[in-house]
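Peer 1: This is a predicted model, with the sequence first.
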Amino acid sequence: MTWFKDLNTPYHQQDTNYYCGAAVAQMILDSIGSGLIDQAVLYNLNHSHSAPNWYTSPSGLNYTLNLLMPPPPTFDSFFVIDTSSTEADGSAIIVSTIANFGVATGTLVWACGHWVAVRGVKTSVDPIGSEGSYSIDGFYINNPWPPTPSPGPPPPHADPDACGSGGNRGVANEYVSYSDWQSSYFTACNGQFISVCDPRRPPMRQLRMVGQARVSEGTRLIAPGEALDLAARGLEAHLRSNLQCTLTPALKGARPVSAHLVQRLDRQDEFYYLVTLHQGDRPSAIVRGHGLFGTLQGALSLTGVERSPIIEREAALAAARNAVIDLEDGSGRLTLREGAFAVYPTLVWRPCQESRSPYYPFYQITVGASTIYVGYDGRVYPALHDLGRG
């Protein structure tokens, strides 16, 4: 029987491109009774206690959480840095912290590039115990990307506020399948799988690795119609299971309406689909599935969200035509002229400074020898840049 625990940790966006560590500190501290602390204050604490060449290093986040956590009886523990040598050990620590102590972890994803709060987990059975084993189905995370809108200062955070309401305000409810967590999100930072978490280690069942059933042989790309059908079948199976998880309200009565194929730019021959579900005439969720094998990779609730984070092709082209695009190498300003540019047939994505979530892909447009990218908000980028640290 499936077991899950979701802490419903309050969701807040990061206030700048590099405040992900500050946003995670804000969410965790708010959830344990410290109240909402300004991200500028949190970032300064994080950064001043971080290792060189980091925005927020593990030591910086750990310092800030321990400095600002409330005293007992409001909060009767503290935080440590876990640097597991394997993904399985690192994931088991996250499960233990959530299951035993009801506290989200601050976890590094995309190698050393980005902090998220892991606030929930779904497993095959209750993982607490000294006998038997369990397997992980997936994690629920608070990804603070994208940053609060600019120009201008970000609005003050509150519980609740506009964070998580969709588009450039982020989406609060994200589920990551364990297979995608292993292969894409929780990748090693300098050989270590790092979380800032509760120090206690009570008895836990043994984590057991299990395979994931493929629904396609992977010899060709799944067609958009097939992706819609797979999403519909998966939706029916979830609702038949009667599992009332955090995503269930966004799935009841929903139907798949569109499927966008996305190619990973950082990996050879890797694709995924973003399938948008609607309840009535409004988007309610996005399901993410492997473009070759059809396996579930994750889902995002859009309940209460006005629009999907995926802008349409014509809107992206209009943004590119109207943008002032200065090339970074100083070679000049790019102009889109009819008949002299090409739009790549799929959306594209990689972890980068311009997008730290696979639900916010780009349109890729080639103009002669130059390539530009149009993001979720219509912003045009002359290049994508590698993530920094933390």
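Peer 2: Great, that's in hand. All of these numbers come straight from a predicted model, not from anything done at the bench.

Peer 1: contacts, neighbours, all on C-alpha from now
Peer 2: Noted.

Peer 1: Extract the CA atoms of stretch 63-72 and return them as PDB.
Peer 2: Below are the C-alpha coordinates for stretch 63-72, written out as PDB (Å, rounded to 0.1, in the frame of the first residue of the first chain):
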ATOM      1  CA  TYR A  63      24.600  28.400   9.700                       C
ATOM      2  CA  THR A  64      21.500  30.500   8.900                       C
ATOM      3  CA  LEU A  65      19.000  27.800   9.800                       C
ATOM      4  CA  ASN A  66      20.700  27.100  13.100                       C
ATOM      5  CA  LEU A  67      21.100  30.800  13.900                       C
ATOM      6  CA  LEU A  68      17.400  31.700  13.300                       C
ATOM      7  CA  MET A  69      15.600  28.500  14.300                       C
ATOM      8  CA  PRO A  70      13.100  29.100  17.200                       C
ATOM      9  CA  PRO A  71      13.900  27.700  20.700                       C
ATOM     10  CA  PRO A  72      12.100  24.700  22.300                       C
END
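
Peer 1: what residues does it touch?
Peer 2: Stretch 63-72 has contacts (CA atoms under 8 Å, 6 or more residues apart in numbering) with 25, 29, 32-34, 42, 45-46, 49, 75, 78-79.

Peer 1: out of the residues you listed, which one sits closest to Asn62?
Peer 2: Distance to Asn62 across the contacts of stretch 63-72 (CA to CA) is lowest for Phe79, with 6.3 Å.

Peer 1: ok now do that closest one, which residues does it touch?
Peer 2: Contacts of Phe79 (CA under 8 Å, 6+ apart): 62, 65-66, 196-199.

Peer 1: Including pLDDT and neighbour count, could those residues go into JSON lines?
Peer 2: Converted to JSON lines, the contacts of Phe79 look like this (pLDDT from 0 to 100; neighbours: other CA atoms under 10 Å):
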{"residue": "Asn62", "pLDDT": "98", "neighbour count": "23"}
{"residue": "Leu65", "pLDDT": "98", "neighbour count": "25"}
{"residue": "Asn66", "pLDDT": "97", "neighbour count": "14"}
{"residue": "Val196", "pLDDT": "97", "neighbour count": "24"}
{"residue": "Cys197", "pLDDT": "95", "neighbour count": "23"}
{"residue": "Asp198", "pLDDT": "91", "neighbour count": "23"}
{"residue": "Pro199", "pLDDT": "90", "neighbour count": "14"}
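
Peer 1: farthest-separated two in these?
Peer 2: Leu65 and Pro199, at 12.9 Å, using CA to CA across those.

Peer 1: For the stretch 201-350 of the chain, which residues score under the pLDDT cut-off?
Peer 2: 306-307 (pLDDT under 70).

Peer 1: try it again with 90
Peer 2: 201-203, 209-218, 230-253, 280-282, 302-311, 320, 323-336 (pLDDT under 90).

Peer 1: Which parts of it are helices?
Peer 2: For the stretch 201-350 of the chain, helices defined by DSSP state H, counting those that start in this stretch occupy the ranges 224-240, 248-251, 313-322.

Peer 1: so who does Tyr19 touch?
Peer 2: 39, 43, 55.

Peer 1: Secondary structure class of the nearest residue to the second one once chain neighbours are set aside, three-state.
Peer 2: So that's Tyr43. Of all residues not flanking Tyr43 in the chain, Ala22 sits nearest, at 4.9 Å (CA to CA, 6 or more residues apart in numbering). Going by DSSP: H, G, I helix; E, B strand; the rest coil, the secondary structure assigned to Ala22 is helix.

Peer 1: Ala22 contacts His12, correct?
Peer 2: No: applying CA atoms under 8 Å as the test, Ala22 and His12 come out as separate, 10.1 Å apart.

Peer 1: okay, now the domains of the protein?
Peer 2: Per automatic domain parsing, the structural domains of the chain span 3-207, 224-301, 313-381.

Peer 1: Figure out which of those is closest to Glu217.
Peer 2: domain 224-301 (6.0 Å).

Peer 1: just how off-centre is the closest one within its chain?
Peer 2: Averaging C-alpha positions (CA atoms, centre = their mean, to the nearest Å) puts domain 224-301 15 Å from its chain's average.

Peer 1: now swap in stretch 329-349 and tell me
Peer 2: Distance, centroid of stretch 329-349 to centroid of chain: 28 Å (CA atoms, centre = their mean).

Peer 1: Would you mind listing the buried residues in that stretch?
Peer 2: 334-336, 343, 346-349 (16 or more other CA atoms under 10 Å).

Peer 1: Same check on stretch 64-77?
Peer 2: Quick answer for stretch 64-77 (16+ other CA under 10 Å): 64-65, 69-70.

Peer 1: Mind picking the one among the residues you listed that's closest to Phe139?
Peer 2: Leu65 (22.0 Å).

Peer 1: Doesn't the closest one belong to a strand?
Peer 2: No: counting by three-state DSSP, Leu65 is not part of a strand but helix.

Peer 1: Please enumerate the helices of the stretch 1-150 of the chain.
Peer 2: 20-31, 39-48, 58-68, 87-101.

Peer 1: just checking, what packs against the longest one?
Peer 2: Using 3 or more CA pairs under 8 Å, 6 or more residues apart in numbering; DSSP states H and E as the contact definition, the elements that helix 87-101 packs against are strand 80-84, strand 105-109, strand 114-123, strand 193-197.
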